[in-house]
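In: A predicted structure for the sequence below; I have some questions about it.
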Amino acid sequence: MDRAVLRALEADGPLHVMEIATRIEDHPITVDQACARLHDDGFISPIGGGRYRLTEEGSAQLNDESELSRERPWRKLFDET
């Protein structure tokens, strides 16, 4: 989930939570929760009105396949579902 959000923002960002949900075909509440986690981790940044942009740290995460699961090991269990 988290990586899908990052990819959507990299490809088409900045995006609103609803736009992200549509692109990754997931529920807006789930996407909103993922955005909150990613913001807390510094991977995305809010720009107002429910829209987010990818940060430099978020862009780097897309190049490091293991970093998201290393940051919070339990997250990988949820991201793979």
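Out: Noted; the coordinates are in hand. Just so you know, these numbers come straight off a predicted model, no measurement behind them.
In: what lies in contact with the helix ranked longest in the chain?
Out: Longest helix in the chain, counting residues (DSSP state H): helix 28-40. With Cβ atoms under 8 Å, 6 or more residues apart in numbering as the test, helix 28-40 has contacts from 1-2, 5-6, 17-18, 20-21, 24, 44-46, 52, 58, 75. C-beta: built from backbone N, CA, C; applies to glycine.
In: against residue 57, how distant is residue 42?
Out: As for residue 42, its distance to residue 57 is 5 Å (criterion: Cβ to Cβ, to the nearest Å).
In: next one: the longest helix of the chain to chain centre, how far?
Out: Remark: helix 28-40 is offset 7 Å from the chain centroid, using Cα atoms, centre = their mean, to the nearest Å.
In: following it, which helix or strand comes up?
Out: Under the assignment DSSP states H and E, the closest C-terminal helix or strand after helix 28-40 is strand 44-48.
In: now do the buried residues in that next one.
Out: For strand 44-48, burial by neighbour count (16 or more other Cβ atoms under 10 Å) applies to 44, 45.
In: partner strands of the helix or strand just after that strand, with direction?
Out: Per DSSP H and E, strand 44-48 leads on to strand 51-54 as the next helix or strand towards the C-terminus. Strand 51-54 sits in its sheet next to strand 15-16 (antiparallel), strand 44-48 (antiparallel), going by DSSP bridges.
In: which outside residues touch the first one?
Out: The one in question is strand 15-16. With Cβ under 8 Å, 6+ apart as the criterion, strand 15-16 contacts 8, 9, 23, 49, 50, 51, 52.
In: no further queries at this time; thank you.
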